[in-house]
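[1] sequence-free structure coming up:
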């Protein structure tokens, strides 16, 4: 399986062969991955397409100790066809039928061309069948959307957290009337925000200490701590983004607005600033690529696709992740500056030492 948060490290045979400096034909003939000390597959036994974790294979090929992968199960683990069938205790062929159910179908995702489903979705489907309620969790009629308006979700889930810090996803689904996916987004995010709040008042605490102080169950702490770390990064960058916005307002390039930091896939942070001009209509900051122009005013950040945003109207403005507002303004107003692709890809740093 692909452990939670490690989707970006999935590596297929072609990529591993390239990393080893051999052709895919040689790779398949010699099967170097069968060596006793080679990192294990993250795909299931008998899977048609083999996958590895690229951090593990890179360490092995570089002669470094191979890092261990998380051992505890997580709702966000990605299961392939065989693993999903095993969790449901059915054959892979039966899974092929089950996966067309609306509770599952919308959550299927392909990683390196291999279809996967989050563990939590498979487990929720299993639980709903066990309870005799069909394929839809109790509290949500078949085919319905979330029962609570989106802008009320945080408040409703927060009330449940106030009453019980250990509240489960299933309880949130039932009591609030949310889909599994909506509950799985809201609950870890709110727990992470509360950890960040506590750390701001007691900065000497560790993330783990804060989670324990708030009464969060050990079983969910890995997901919650990751959410808290993302929240801390968002809070650290927000003042800078607002300072850039204020500079653009002073230069009559934008109207006054509060910048909101968004979480993209794999907890990547991004934000947008709407501009006064039609071309470009907005600026986007992405922690991987820095600042770029956008082509849409309504959806400037766009849908995360895993590929680099590029094309007509998109111009990367600085090699720095956080250039001074004055430097950014000069790059924005001078069409000769910038590039069609980022000159630097930035890596995320931990929010706490």
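    Looks like it arrived, so ask away. In this text, all values refer to a predicted model and were calculated from it rather than measured experimentally. Numbering: from 1, shown residues only.
[2] roughly how far does residue 295 sit from residue 284?
    Using CB to CB, to the nearest Å, residue 295 is found at 10 Å from residue 284. Where you see a C-beta, it was placed from the backbone N, CA and C, and this is true even at glycine.
[3] where does pLDDT dip in the chain?
    130-147, 305-306, 349-353 (pLDDT under 70).
[4] can you pull the domain assignment for it?
    7-61, 78-130, 150-216, 234-333 (automatic domain parsing).
[5] now those as a markdown table including distance to residue 226 and mean neighbour count?
    Output for the domains of the chain, formatted as a markdown table (distance: least, CB to CB, whole Å; neighbours: other CB atoms under 10 Å):
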| stretch | distance to residue 226 | mean neighbour count |
| --- | --- | --- |
| domain 7-61 | 13 | 15 |
| domain 78-130 | 15 | 18 |
| domain 150-216 | 8 | 17 |
| domain 234-333 | 7 | 16 |
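[6] correct me, but residue 192 touches residue 233?
    No - between residue 192 and residue 233 no contact is recorded; they are 10.8 Å apart, counting by CB atoms under 8 Å.
[7] just to revisit the earlier point, closest to residue 347 out of the domains of the chain?
    Nearest to residue 347 among the domains of the chain is domain 234-333; the distance by CB to CB comes to 8.0 Å.
[8] that closest one: end-to-end distance?
    End-to-end span of domain 234-333 (CA to CA, to the nearest Å): 27 Å.
[9] can you classify the spatially most central residue of the chain by secondary structure?
    Centroid-nearest residue in the chain: residue 266, 2.2 Å away (criterion: CA atoms, centre = their mean). For residue 266, the secondary structure call by DSSP: H, G, I helix; E, B strand; the rest coil comes out as helix.
[10] where's it relative to residue 340, distance?
    Relative to residue 340, residue 266 is positioned 24 Å away (CB to CB).
[11] what's the answer for residue 304, then?
    Look at residue 304 and residue 340: by CB to CB, they are 20 Å apart.
[12] residue 298 too?
    Per CB to CB, residue 298 is found 23 Å from residue 340.
[13] which strands or helices does the longest helix along the chain pack on?
    Scanning the chain for the helix with the most residues, using DSSP state H, yields helix 221-250. Contacts defined by 3 or more CB pairs under 8 Å, 6 or more residues apart in numbering; DSSP states H and E place helix 221-250 against helix 180-201, helix 207-213, strand 269-274, strand 282-286, helix 325-333.
[14] for these, give me JSON lines that also has distance to residue 32.
    Output for those, formatted as JSON lines (distance: least, CB to CB, whole Å):
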{"stretch": "helix 180-201", "distance to residue 32": "38"}
{"stretch": "helix 207-213", "distance to residue 32": "39"}
{"stretch": "strand 269-274", "distance to residue 32": "38"}
{"stretch": "strand 282-286", "distance to residue 32": "37"}
{"stretch": "helix 325-333", "distance to residue 32": "47"}
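[15] tell me which stretches of the protein form helices.
    Taking DSSP H to define them, one finds helices in the chain at 13-20, 24-30, 54-61, 81-88, 92-98, 102-105, 119-130, 153-163, 169-172, 180-201, 207-213, 221-250, 325-333.
[16] show residues contacting the first one.
    Outside helix 13-20, the residues that touch it by CB atoms under 8 Å, 6 or more residues apart in numbering are 11, 23-24, 26-28, 32-33, 49-50, 52, 54, 57-58, 61, 112.
[17] picking that back up, so what's the residue nearest to the centre of the chain closest to, chain neighbours aside?
    In this structure, residue 266 finds its nearest non-sequential neighbour in residue 8, 5.8 Å apart by CB to CB, 6 or more residues apart in numbering.
[18] list the contacts of residue 216.
    Shown in contact with residue 216 (CB under 8 Å, 6+ apart): 165-166, 191, 224.
[19] farthest pair within the residues you listed?
    Distances among these were taken as CB to CB; the most separated pair is 166 and 224, at 11.2 Å.
[20] so what's residue 291 bridging to?
    Using DSSP bridges, the beta-bridge partners of residue 291 come out as residue 285.
[21] distance of it relative to residue 162?
    39 Å.
[22] equivalent analysis for residue 242, please.
    30 Å.
[23] contacting residues for residue 279?
    Here residue 279 is in contact with residue 313 (CB under 8 Å, 6+ apart).
[24] what does residue 258 give?
    residue 242.
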